[in-house]
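Trainee: using only what follows, build the 3D model:
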Amino acid sequence: MLVLLVLTALQQPALQSLPVARSDTSPFRRLQLSTPTLIREGSGSPGPRYWQQRVDYTIAVTLDTAAHTIAGRETIRYTNHSPDTLRYLWMQLDQNLFRDDSRGAVLNPPDARFAARGFKGGFVLDRVEAVRQSTGKAATRTALRTFENGTIMRVELDRPLPPGGVTSFEIGYSFQVPEHGADRMGREQFPQGWLYEIAQWYPRMAVYDDVRGWNSEQYLGQGEFYLEYGDIDFAITVPRGFIVAGTGRLTNPLEVLTAAQRARLAQALGSDSTVAIIAKNEVGQAATRPAGPSPTMTWRFSAKNVRDVAWAAAPNFIWDASGWNGILMQSFYPPVADSIWRESTKMVRHSIKHYSEKWFQYPYPTAINVNGPVGGMEYPMMVFCANRRSREGLFGVTTHELGHQWFPMVVGNNERLYAWMDEGFNTFINIYSARAYFPEQQGLRGRGQAESWAQFAATGRDEPGITPADRVTPDLLGAVAYSKPATGLYLLRHAILDSTRFDPAFREYIRRWAFKHPTPADFFRSMEDGVGEDLSYFWRGWFLRTDVVDQAVDSVRTQRDSSGTTLTTIFLSSPGGLPMPVDLRVTFTDGSTENARLPVEVWFEGSHFRYVRAFAKDLVKVEVDPDKNFPDIRRGNNIWTKSQAPSP
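Mentor: Sure, this is the predicted structure:
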């Protein structure tokens, strides 16, 4: 029986191997994005059921310039537009970055940009109380239980907050102002006293959204902010001799400004040129302050539909202003900066006007530039810029920080997770603002172009742009979050698409998501919806991965077809992981040239493509991307010449 079985087995025909299963690994495969819903639609638009929370603040604090402390209280009115019942809230306590036990203190060396140079601080909270107001009765207050976890705090509500519900609570707090506050706030000493730039200065609500629920990432220094929109009224009490600049409208000018200053501001609002509100020769004089017996004054500001507020105060501010389209442009700076900063308000006016006309109308009543110790930082209607060295340097930081009024102040993305959506988009729009302000400087023409990025990408040090800011290698933050996304948008606008397709789509993205919270998927979808093209290969390779561009001319051959026509086959390849359209330039024996653009779809079937043409003249040279429009990291394989052809 055994012999029979063996003989039978030997007589069975050999079976063919099973095919190996394949999946779609093409760079052109559709990008896997979150499933569209009635909250966030497949077109990239907010859907009919889109929601986001609203937070309104009323804040009153006093600045103690002897102890460098800020103390006061805030009342928060939180409106729950979500479909969920909330039993607790999360808050951001950004000053806690400067505590000994903060995670950021461990991660940042004391002298690092996002540290505090040995300073120890943090919020001190003296109460967190629910406040309920009944008609005709005094407000009732109920202490709320809280739990601090580094730079965030959980607040246990005494009553569940249902969908559509509103709750109010009050926090009493204080903190000491660091001299170097992680390059986002701080103070600087002058003979006349201290200049303060104040931000992250009140406990702020964390965002609760439809994508992640509570966004409760720690503030570690390098990653920035994600905040809800609302109205913020705030009062700052300072020594009488101080001038205060703040986000929003000054609501008590009769109390804190002289008649002459009020008249000058009215003149500036209607003026194309800069008007001195407090001139250099007036700084520190008693006549610049309204008379009164009190040693302090309270400045009151109101900001509508903003995600944050900031302020600055000093006894030695030069203050000037101008206007455009009903918007008051202002600059505040110490006399030491006068030689450069006297042009600041002109730069502010240019930037706000340029971005408004090119992308989206500036929605706020004022735009303010403040000179002090902070290198460059943005807040609604106000930016801090330290440059005192050159007009080019001052313009660069001013137009960049003011560009943040569009990203993320208007388009409110999550900066801590997706820094490229604000820093990169802003760096992109800065390119055109700088060219317009310095039209004679040819060096600015190269900004955003592909070649410089290709040189960096060739080093292999690139990191995915989608990486959260705090996980980007610190010395690569500029490349990953600023330069790369800006170059990517420039590449889309000038090489892959064109401005007539890109610009309306980009404007529509801004319009759709103004004062809302877009995600990367919303941006990708909105742009594809606007340009009418699937750009999955580009989003994946440029923003989600570190794929590189490498195009090559492998060889050229000629042959006659059956009709006797001479056909030339140009063998092209794309060894890099990121496909791009192909720009070809062929040179003929008589020295003439011809250009051709091949669509990106030539790489649909793989990394090799045969371009077949009948040319009227013989070729002596073929070059890929001769104008360097694409970030090709190996240009040694971009050219074929007839001398390279094999001998017959």
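
Trainee: mind listing the strands for the stretch 151-300 of the chain?
Mentor: 152-161, 166-176, 180-181, 185-190, 193-198, 204-205, 208-209, 213-214, 230-239, 243-246, 249-250, 275-278, 296-306 (DSSP state E, counting those that start in this stretch).

Trainee: and the second one, what does it pack onto?
Mentor: Helices and strands in packing contact with strand 166-176 are listed as strand 69-79, strand 124-132, strand 152-161; criterion 3 or more C-beta pairs under 8 Å, 6 or more residues apart in numbering; DSSP states H and E. The way it works is simple: take the backbone N, C-alpha and C, and place the C-beta from them, glycine included.

Trainee: repeat that for the fourth one.
Mentor: Strand 185-190 makes packing contacts with strand 193-198 when contacts are defined by 3+ C-beta pairs under 8 Å, 6+ apart.

Trainee: do the same with the first one
Mentor: Based on contacts counted as 3+ C-beta pairs under 8 Å, 6+ apart, the elements that strand 152-161 packs against are strand 86-92, strand 124-132, strand 146-149, strand 166-176.

Trainee: need the helices and strands packed on strand 166-176 in CSV with distance to Val620, mean neighbour count and mean pLDDT, can you?
Mentor: As requested, the helices and strands packed on strand 166-176 are exported to CSV (distance: least, C-beta to C-beta, whole Å; neighbours: other C-beta atoms under 10 Å; pLDDT from 0 to 100):
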stretch, distance to Val620, mean neighbour count, mean pLDDT
strand 69-79, 71, 19, 98
strand 124-132, 77, 15, 97
strand 152-161, 67, 17, 98
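
Trainee: show me where this structure has its helices.
Mentor: Counting by DSSP state H, one finds helices in the chain at the ranges 2-11, 103-107, 253-256, 259-269, 338-341, 344-358, 391-403, 423-437, 450-457, 477, 484-491, 499-513, 520-531, 536-538.

Trainee: so which of these comes closest to Thr593?
Mentor: Proximity to Thr593 (C-beta to C-beta) singles out helix 450-457 among the helices of the chain, at 20.9 Å.

Trainee: what comes into contact with the closest one?
Mentor: The contact list for helix 450-457 (C-beta atoms under 8 Å, 6 or more residues apart in numbering) reads 446, 462, 479, 483-484, 487, 490-491, 495, 546, 548-549, 628-633.

Trainee: just the pLDDT at Gln11, thanks.
Mentor: On pLDDT, Gln11 comes in at 68.

Trainee: lowest-confidence helix or strand of the protein?
Mentor: The weakest-scoring helix or strand in the chain, judged by mean pLDDT, DSSP states H and E, is helix 2-11 (a mean of 55).

Trainee: related to what we said a few turns ago, between the strands of the stretch 151-300 of the chain, which gets nearest to Pro13?
Mentor: Taking C-beta to C-beta, strand 213-214 is the member of those nearest to Pro13, at 60.6 Å.

Trainee: so how far is the closest one from its chain's centroid?
Mentor: Centroid displacement of strand 213-214 relative to its chain, using C-alpha atoms, centre = their mean, to the nearest Å, is 21 Å.

Trainee: please apply the same query to stretch 369-387.
Mentor: Relative to the centre of its chain, stretch 369-387 is centred 16 Å away, using C-alpha atoms, centre = their mean.
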